[in-house]
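# got a structure for you, letters missing:
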């Protein structure tokens, strides 16, 4: 009896997790304002965006980011140059910015650092 109950509870829990989906703790960047165009997500530091391409569509991410969404419970800093150098833009935890132009950071990010 207990064995069957454990299996049923486990299956129900897995089914519920499938409906809810995994937590999306990551940092998304977008090619255009208002989170439009091609996108790329990051789950950790990247010291040089030169070799990054937009998800499933090619094209270089480096110096081509116009908006962002930070789903992380920690801050993320984008830097103007590779290896975390130059001017920076700090994205607060769980924030978004639909137009990086307003912050003087449109199309210049070259590295990303998770705080």
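Looks like it arrived, so ask away. Remember, it's a predicted structure, so these values are computed and weren't measured experimentally.
# and stretch 52-68, how far apart are its ends?
16 Å (Cα to Cα, to the nearest Å).
# what's the answer for stretch 81-98, then?
Note: stretch 81-98 ends 22 Å apart using Cα to Cα.
# how far is that stretch from where the chain is centred?
11 Å (Cα atoms, centre = their mean, to the nearest Å).
# can you tell me the average pLDDT over it?
Mean pLDDT, stretch 81-98: 98.
# correct me if wrong: residue 106 contacts residue 98.
No - the pair residue 106 / residue 98 is not scored as a contact, 11.4 Å apart, by Cβ atoms under 8 Å. In short, each C-beta sits where N, CA and C put it, glycine included.
# tell me what the residue most central in space within the chain is bridged to.
The chain has residue 27 as the residue nearest its centroid, 1.7 Å off, counting by Cα atoms, centre = their mean. Residue 27 has the following beta-bridge partners by DSSP bridges: residue 42, residue 70.
# pretty sure it contacts residue 68?
Yes - assessed by Cβ under 8 Å, residue 27 is found in contact with residue 68 at 7.0 Å.
# residue 108: what's it in contact with?
63, 80, 87 (Cβ atoms under 8 Å, 6 or more residues apart in numbering).
# next: residue 28.
Here residue 28 is in contact with 35, 39-42, 68-71 (criterion: Cβ under 8 Å, 6+ apart).
# buried only: go through these for me.
Taking 16 or more other Cβ atoms under 10 Å as the criterion, what is buried in the contacts of residue 28 is 35, 39-40, 42, 68-71.
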